[in-house]
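>>> Pasted the sequence and its predicted model underneath.
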Amino acid sequence: MAGQLISIALTVDQHDAGDYFWVLLESFDNSMEFEPLMEAATGFATYAEALQAGYVVLKGLSEDLNVGPREEADELISTAEAALGNAR
């Protein structure tokens, strides 16, 4: 049986230099407070490019997009971070 759904949000930040960076945020214990989980290591020229790249990473956190990322996917998150070089 799959574990509890992990609450992950995707947002895009614009840094002072003008580049856009995707950021994945995670909420714990069903709270409305989110903490950074992963972020882009390099910036993108447009909001749309950053958003699309972040969405690809978010989709990669789920083995099955019909059920989404689950608690037992911790190893999958670590693998994605290592592969992308985008640790917290």
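Noted; the coordinates are in hand.
>>> right, and residue 6 touches residue 70 too?
Yes. Counting by C-beta atoms under 8 Å, residue 6 does reach residue 70; the two are 6.5 Å apart. Quick note: C-beta positions are derived from backbone N, CA and C, even for glycine.
>>> Name the residues of stretch 45-52 that are buried.
50-51 (16 or more other C-beta atoms under 10 Å).
>>> quick one: the strands in this protein?
Remark: strands assigned in the chain by DSSP state E are 7-14, 20-27, 34-39.
>>> Save these as TSV, and put in mean pLDDT, mean neighbour count and distance to residue 51 too.
Shown next, in TSV, are those (pLDDT from 0 to 100; neighbours: other C-beta atoms under 10 Å; distance: least, C-beta to C-beta, whole Å):
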stretch	mean pLDDT	mean neighbour count	distance to residue 51
strand 7-14	96	15	5
strand 20-27	96	19	7
strand 34-39	95	16	13
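>>> And those: which comes nearest residue 53?
strand 20-27 (5.6 Å; C-beta to C-beta).
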